[in-house]
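> have a look; sequence and predicted model below, questions after that.
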Amino acid sequence: MASKKKEELLQPEVQTQAQPAALSAYSTEGLNSRADVERAMANASYRPSQQVTDAADALKQWQQNRPAAYQSSYQDRINELLGQLLDTDAGSRSIGEVALVPASSPINRSGALFYSTLFDENAACHIAFGDSYPGTTVGGTGLSKEELAARGMNHSSLHEDVMIGAEDSRITGKCRDGRTVQLFQNGVWVL
């Protein structure tokens, strides 16, 4: 998966000392469907340690007080790697997925980080550059690349998720007839 590649490329410059392995009491074993995940999340609870709470508070304070012109010392490297990813092939600079996920989603409410994109991406609205998943269109898994393209499905060897949602997200859709329809207000569906 592309995100593994990014981590490997950044690792030599970003990590100067060994990092402890992430610990999680959550397991994805036996979760084979969305319903399984929803049932598991309905009973999940998460209470951050004082160390995590202190770190989150310190980060919020830093974000509120950082200089307006702040730029990460890794920004040039990040831009270079993102450019390389988006130049993977002809379809990698196109959107392959748009997912509207409310801030009230069970995964977001849990506050847990699973360290697995397949779960973590469902904590917020997200888009993906690159490949569209054929299973998201009726009969798509039985269609050729050409037939999928005719339906507007993008093809690429890349599928890179990017979180774009927040608790104050406002999303408006534009209909074919030109009307606009409010879809999200304050991070939740309004339809």
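Sure thing, it's come through. Numbers count the residues shown, from 1 in each chain.
> all helices for this structure, in order.
2-14, 34-42, 50-65, 75-86, 106-110, 117-120, 145-150 (DSSP state H).
> tell me the mean pLDDT for the third one?
The one in question is helix 50-65. Averaging pLDDT along helix 50-65 yields 77.
> alpha carbons only: can I get that helix in CSV?
The C-alpha coordinates for helix 50-65 follow below in CSV (Å, rounded to 0.1, in the frame of the first residue of the first chain):
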residue,chain,number,x,y,z
GLN,A,50,-3.1,11.5,31.3
GLN,A,51,0.0,11.5,29.2
VAL,A,52,-2.1,11.4,26.0
THR,A,53,-4.4,14.1,27.3
ASP,A,54,-1.5,16.3,28.3
ALA,A,55,0.1,15.8,24.8
ALA,A,56,-3.2,16.7,23.1
ASP,A,57,-3.6,19.8,25.2
ALA,A,58,0.0,20.9,24.5
LEU,A,59,-0.6,20.4,20.7
LYS,A,60,-3.8,22.4,20.8
GLN,A,61,-2.0,25.2,22.7
TRP,A,62,0.9,25.2,20.2
GLN,A,63,-1.5,25.2,17.2
GLN,A,64,-3.3,28.2,18.7
ASN,A,65,-0.1,30.1,19.3
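> tell me which other helices or strands it touches.
Contacting helix 50-65 under the criterion 3 or more Cβ pairs under 8 Å, 6 or more residues apart in numbering; DSSP states H and E is no other helix or strand. C-beta coordinates here come from the backbone N, C-alpha and C atoms, glycine included.
> could you list the low-pLDDT ranges of this protein?
For the chain, the stretches with pLDDT under 70 are 1-28, 41, 43-49, 52.
> ok, 50 please
1-4, 6-7, 9-24 (pLDDT under 50).
> format the helices of the chain as TSV; extra columns: distance to L100 and mean neighbour count.
Listed next are those as TSV, based on distance: least, Cβ to Cβ, whole Å; neighbours: other Cβ atoms under 10 Å:
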stretch	distance to L100	mean neighbour count
helix 2-14	21	12
helix 34-42	15	13
helix 50-65	25	10
helix 75-86	23	13
helix 106-110	13	18
helix 117-120	16	16
helix 145-150	22	12
